[in-house]
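Asks: One predicted model, sequence on top.
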Amino acid sequence: MKEFHATPIVLAISAATLVASFTGCYTLRATYYSADYNISLYRVERPEKATQRYGSQKVDILSGTSKYKFSFEDDLVKILWMPGSSQIAFSLQNKTDHSIKIPWDEAAFVDENGGSHRVMHSGVKYTDRENPQAPSIVVRKGMIEDIVFPTDHVHWNERNWEEDPLLLDSDYHSNYSPGTYPTFKAFANAVKSNVGKTYQVLLPLQIEDVINDYIFSFKVENVQAKQDSISRTVNY
C-alpha cells in the first residue's frame, strides 16, 4: 500500500480549518448609568473658643484650574477640599510654627443617614484598614495632600478589592449583567433622592497637647444622571 505524506500546504490548510472551527465572536451590548454630583462645603464647626485661639474662619469657592473646589482657612490651617461621590480629597497647610498631627483613629466620616464610620487615608493598605493608624504629621509651615474614605466601604469580592462609593453614582447593565436598577428612570430617581442630603468629615487636628475637632459638612446641591450605551464585537 502506498504511504501518504501530507505536504506543508495540506498541513497549513488543516490547521486553519481547525482554528476556524474553534473561534467565533459575540456582540457585547452594555448600558452604563452614571451620576455627576454638585457637592458644596456649607458649614464648618470648630472647637469652643476656637475664634479666640485661631481667629475667625473663612470659606471660599475656588475657581480656575484648581483640582480643589473649596477653601477653608483660619489662623491654624488652610484646607482645600474636593468632595465627591467616591472619595473626599483635601490639602492641608499648617500655618503655625508648630507641628500638627492628624490622629486618624479619632477621625470619622458621617454618611447621609447620620451613620459614623472609621476612616482610612492614602498609604493605608486595604488589609490594614481596621488596624490602628499612625498619625500624619504636618511640619510647621508645611502641607500634605490626602484623602478620606470610610473603611467599611472596602471589601474583597473573591477576586479583587472593591470600593463602594459614598453616594450612588453608577450602575452597569449588559447582556451578561442585569445591573441593580431595571431602568434609567429608576436610577435617576434614586440619585436625585440624594439632593439636599449631607455628609460630614470629622478631622481632628492636634497641636502640641491640644486636639481640635474640626467638622466639615458637605451638601448635595444637585445631581445630573446620564446614560451611555456600548456595542462591541468580541472575538474568542
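Replies: Now that the structure is in, tell me what you want to look at. Numbering: from 1, shown residues only.

Asks: Quick one: the helices in this structure, in order.
Replies: Secondary structure of the chain (DSSP state H): helices at 8-21, 50-54, 184-192.

Asks: quick one: E112 and Y199 touch, right?
Replies: Yes: using Cβ atoms under 8 Å, E112 is in contact with Y199, at 5.4 Å. Heads up, the C-betas are built off the backbone N, CA and C, glycines and all.

Asks: Now for the two: what residues contact both?
Replies: Contact with both E112 and Y199 is made by residues L167, according to Cβ atoms under 8 Å, 6 or more residues apart in numbering.

Asks: who's more crowded, the two?
Replies: Y199 (25 against 17; other Cβ atoms under 10 Å).

Asks: Just want to check the distance between the more buried one and V191.
Replies: 15 Å (Cβ to Cβ, to the nearest Å).

Asks: One more: H98?
Replies: Computed as Cβ to Cβ, the H98 to V191 distance reads 43 Å.

Asks: cool, and Q133?
Replies: Going from Q133 to V191 by Cβ to Cβ gives 32 Å.

Asks: of those two, who's got more company?
Replies: V191 (24 against 21).

Asks: Surely that one is in contact with S34?
Replies: No: taking Cβ under 8 Å as the definition, V191 is not a contact partner of S34, at 9.1 Å.

Asks: Skip the chain neighbours and tell me the closest residue to R43.
Replies: Among residues not flanking R43 along the chain, S217 sits closest, at 4.2 Å (Cβ to Cβ, 6 or more residues apart in numbering).

Asks: what is that neighbour paired to in the beta sheet?
Replies: When bridges are called by DSSP bridges, S217 pairs up with R43, Q200.

Asks: next one: the one 5 residues further on
Replies: Taking DSSP bridges as the rule, N222 bridges to N38.

Asks: Please tell me I have it right and it contacts N194.
Replies: No: counting by Cβ under 8 Å, N222 does not reach N194; the two are 9.8 Å apart.

Asks: contacting residues for Y33?
Replies: Here Y33 is in contact with 170-173, 179, 181, 184, 187-188, 225-227 (Cβ under 8 Å, 6+ apart).

Asks: okay, the residues you listed in a markdown table with neighbour count and pLDDT next?
Replies: Output for the contacts of Y33, formatted as a markdown table (neighbours: other Cβ atoms under 10 Å; pLDDT from 0 to 100):
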| residue | neighbour count | pLDDT |
| --- | --- | --- |
| S170 | 15 | 95 |
| D171 | 22 | 95 |
| Y172 | 14 | 90 |
| H173 | 21 | 88 |
| G179 | 17 | 89 |
| Y181 | 17 | 95 |
| F184 | 15 | 95 |
| F187 | 24 | 97 |
| A188 | 18 | 97 |
| A225 | 19 | 97 |
| K226 | 12 | 96 |
| Q227 | 15 | 95 |
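
Asks: In a markdown table: the residues you listed, plus distance to S116.
Replies: Converted to a markdown table, the contacts of Y33 look like this (distance: Cβ to Cβ, whole Å):
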| residue | distance to S116 |
| --- | --- |
| S170 | 25 |
| D171 | 27 |
| Y172 | 30 |
| H173 | 33 |
| G179 | 30 |
| Y181 | 28 |
| F184 | 33 |
| F187 | 28 |
| A188 | 29 |
| A225 | 28 |
| K226 | 32 |
| Q227 | 34 |
